[in-house]
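Trainee: next come a sequence and a model predicted from it.
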Amino acid sequence: MSRRRLDEVDRAIVERLSRDARVSNRQIAAELGVTEGTVRSRVKRMEEEKLIRITAVTNIDRFRDASLAYIWIEVERSHQVSEVASQLAEIPELGFVGEMLGRSDLLAITMVRNNEHLAEFVHGHISCIPGVRRTESTLGVNFVKHDYRMARIVR
Amino acid sequence: MNTAAVSELHPQLDEVDHRIIALLREDGRMPFRALAKELGLTETTVRGRVRRLEESNTMRVVAVTDIEAAGYNLLLAVGVQVENRTPESVARELAAIPEVFSVNVVVGTHDIEALVVAENQAALHQLLSDRLAALPGVRRLTPSLAVNVLKNQPDWVPL
């Protein structure tokens, strides 16, 4: 499932869009010295190939009492990992779901208000999934950095 | 995250703001004209709203690059245990490393949860042993490799 790597022109366009994606194709073209058509077709192609995603991100500091919670999940039997993973991916509140090697079988990340909310979320949505053996949760207290320019583009 | 939960956490924004954010999450390049039509508002109103959301540092519309397309084949979650220093000071030093793309001071078994990327195994080894483990205050690193990411939508971040 290896994806195409971005070339130099792609990277220059993406760099501009990663600062402010509401900028017009014409403006990007003028700054990079390429045609507007080049910008338009490259952006379209990169989006279609899921190399980039142009989206709104919101500031977690603007949310009242919001913390990220890291939920590590162990399954009963190893063959259940992918089934549990697909069920987790359906939960709208989760921003990250990954099958992991090492610390646990799965990692899920969500935003919660406090410890109580975290406990309620884990019990109500995760522990009840068939095949989940145990969970271990960690609550973020100071979100120092998240480079939103990088992600695994899935959908 | 569903809109009801977001509204509850975010009292300063009204329904229109939430709808604008939701539409731009789906398609960040949606033209103002199309946004206006979708919301039943004038283009001027929508432009003003988007500008206000951006200027108040509440929302940004950005291009997110796939980590593999950017040249990184490996994604790991790394738990960090800290000694003889505050977790915040270690977290700030970790944050200065470009391959460490997410850093959160946490309460739990570890003091910091970080997400890191590497081009290949050799680069990963170098990152973990020469740069992360060598940072003053880092006691132990507990890395975990993501072998299949089913979902990754960094919708809420520190801007």
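Mentor: Good, I have the coordinates. Numbers count the residues shown, from 1 in each chain, chains lettered A, B, ... in the order given.

Trainee: what's the host helix or strand of A:G37 packed up against?
Mentor: Element membership for A:G37 (DSSP states H and E) is helix A:36-48. The contact analysis (3 or more CB pairs under 8 Å, 6 or more residues apart in numbering or on different chains; DSSP states H and E) places helix A:36-48 against helix A:8-19, helix A:25-32, strand A:52-59. All C-beta atoms are positioned from the backbone trio N, CA, C, and that covers glycine.

Trainee: now do 6 Å
Mentor: Where contact means 3 or more CB pairs under 6 Å, 6 or more residues apart in numbering or on different chains; DSSP states H and E, helix A:36-48 is packed against helix A:25-32.

Trainee: tilt between the helix it packs on and helix A:36-48?
Mentor: Taking axes from the mean of the first three to the mean of the last three CA atoms, to 10 degrees, one finds that helix A:25-32 is oriented at 110 degrees with respect to helix A:36-48.

Trainee: quick check, helix A:25-32 touching chain B?
Mentor: No - judged by CB under 6 Å from any CB of the partner chain, helix A:25-32 stays clear of chain B, getting no closer than 9.1 Å.

Trainee: give me the distance from that helix to the chain's centre.
Mentor: Put simply, helix A:25-32 sits 28 Å off its chain's centre (CA atoms, centre = their mean, to the nearest Å).

Trainee: send the alpha carbons of it over as CSV?
Mentor: Taking C-alpha atoms only, helix A:25-32 is exported to CSV below (Å, rounded to 0.1, in the frame of the first residue of the first chain):
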residue,chain,number,x,y,z
ASN,A,25,-4.8,28.9,-6.6
ARG,A,26,-4.0,32.1,-8.4
GLN,A,27,-2.1,33.4,-5.4
ILE,A,28,-0.1,30.2,-4.9
ALA,A,29,0.7,30.1,-8.6
ALA,A,30,2.0,33.7,-8.5
GLU,A,31,4.1,33.0,-5.5
LEU,A,32,5.6,29.8,-6.9
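
Trainee: ok, now which ones touch A:I54?
Mentor: A:21, B:28-29, B:63 (CB atoms under 6 Å, 6 or more residues apart in numbering or on different chains).

Trainee: how about the nearest residue to residue 93, chain neighbours excluded?
Mentor: Went with chain A since none was named. Setting aside the residues directly before and after it, A:E93 is nearest to A:T110 in space (CB to CB, 6 or more residues apart in numbering or on different chains), at 5.0 Å.

Trainee: that's the wrong chain, I wanted chain B
Mentor: Closest to B:E93 by CB to CB, 6+ apart is B:L135, at 5.5 Å.

Trainee: beta partners of the closest residue to A:G98 other than its chain neighbours?
Mentor: Closest residue in space to A:G98, ignoring its immediate chain neighbours: B:A146 at 4.1 Å, by CB to CB, 6+ apart. Applying DSSP bridges to B:A146 gives these bridge partners: A:M100.

Trainee: so how many other residues sit close to B:A146?
Mentor: The number of residues packed near B:A146 is 24, by other CB atoms under 10 Å in any protein chain shown.

Trainee: contacting residues for A:S67?
Mentor: By CB under 6 Å, 6+ apart, A:S67 lies in contact with A:139-140.

Trainee: pLDDT at residue 34, what is it?
Mentor: As the question left the chain open, I've gone with chain A. What the model reports as pLDDT for A:V34 is 95.

Trainee: that answer is for a different chain, and I need it for chain B
Mentor: Each residue has a pLDDT score; the one for B:A34 is 96.

Trainee: does it lie in a helix or a strand, and which?
Mentor: Counting by DSSP H and E, the element that carries B:A34 is helix B:32-39.

Trainee: could you chop chain B up by domain?
Mentor: Partitioning chain B according to automatic domain parsing yields domains covering residues B:3-55, B:74-145.

Trainee: of these, give the one that comes closest to A:V144.
Mentor: Among these, the nearest to A:V144 by CB to CB is domain B:74-145 (4.4 Å).

Trainee: can you give me the neighbour number for B:A69?
Mentor: Using other CB under 10 Å, B:A69 is surrounded by 21 other residues.

Trainee: also A:S127?
Mentor: 13.

Trainee: give me the below-cutoff pLDDT ranges for chain B.
Mentor: Applying pLDDT under 70 to chain B picks out residues B:1-11, B:156, B:159.
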